[in-house]
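Trainee: sequence? don't have it. structure:
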């Protein structure tokens with residue numbers, strides 16, 4: 001049974017993930033634009049449109065990713081990744097939930113890690129640590145173990161679509 005200290009430790013890690021307020025919106029907006037996506041900043045006192053999980057999690061509607069200052073960077077990259085892996089003709093139909101496909105979800109997780117290298121002060125190491133702290137779950141345990149040892153299908157999916165991996 002976890003102790004209160006263990007629960008506090010997990011909560012502390014989730015509270016230390018990099019947020020958009022730290023990163024800023026310019027670099028992520030430029031990165032998303034390379035894939036034909038828009039980044040829309042949401043005022044801090046408003047709900048995030050198209051957010052599947054609610055709270056501070058990023059949202060997607062059509063070709064737009066929505067985020068606030070308190071949105072975790074990993075969430076922004078994950079939702080953007082969902083749109084990037086989709087064929088262009090499917091993007092405009094997306095509202096909140098991009099896919100039920102395990103293959104697309106795996107590719108999205110892999111892509112968000114790769115894209116983190118394109119953002120100043122983020123990088124894949126930080127992003128994988130943030131994903132672990134937030135509670136992403138992979139059968140190999142950590143995000144790093146999955147990324148390095150168990151993501152062949154995700155890489156193949158991205159390569160097949162001409163996406164970075």
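Mentor: Perfect, thanks for sending it. Just so it is clear, the model here is predicted, and its values are computed rather than measured.
Trainee: now the strands for the chain?
Mentor: For the chain, the strands defined by DSSP state E cover 38-41, 59-61, 64-67.
Trainee: where are the low-confidence patches of the protein?
Mentor: When residues are selected by pLDDT under 70, those of the chain lie in 1-14.
Trainee: tell me which residue is most central in this structure.
Mentor: Computing the C-alpha centroid of the chain and ranking residues by Cα atoms, centre = their mean puts residue 78 first, at 2.0 Å.
Trainee: just put the strands of the chain in a markdown table and tack on distance to residue 163 and mean neighbour count.
Mentor: Every residue, glycine included, has its C-beta placed from N, CA and C. Shown next, in a markdown table, are the strands of the chain (distance: least, Cβ to Cβ, whole Å; neighbours: other Cβ atoms under 10 Å):
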| stretch | distance to residue 163 | mean neighbour count |
| --- | --- | --- |
| strand 38-41 | 18 | 16 |
| strand 59-61 | 17 | 23 |
| strand 64-67 | 16 | 24 |
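Trainee: picking up where we left off before, next one: the residue nearest to the residue nearest to the centre of the chain when sequence neighbours are not counted from residue 106, what distance?
Mentor: Among residues not flanking residue 78 along the chain, residue 112 sits closest, at 4.8 Å (Cβ to Cβ, 6 or more residues apart in numbering). Distance, residue 112 to residue 106, by Cβ to Cβ, to the nearest Å: 11 Å.
Trainee: who's more crowded, those two?
Mentor: Per other Cβ atoms under 10 Å, whichever of residue 112 and residue 106 has more neighbours is residue 112, with 26 against 22.
Trainee: contacts only, for the more buried one.
Mentor: Taking Cβ atoms under 8 Å, 6 or more residues apart in numbering, we find residue 112 in contact with 74, 77, 78, 80, 81, 127.
Trainee: buried subset of these?
Mentor: Among those, those scoring as buried are 74, 77, 78, 80, 81, 127 (criterion: 16 or more other Cβ atoms under 10 Å).
Trainee: quick one, what contacts the closest residue to residue 79 other than its chain neighbours?
Mentor: With sequence-adjacent residues excluded and distances taken as Cβ to Cβ, 6+ apart, residue 79 is closest to residue 58, at 4.2 Å. In this structure, residue 58 makes contact with 48, 51, 65, 66, 67, 71, 75, 76, 78, 79, 80, judged by Cβ under 8 Å, 6+ apart.
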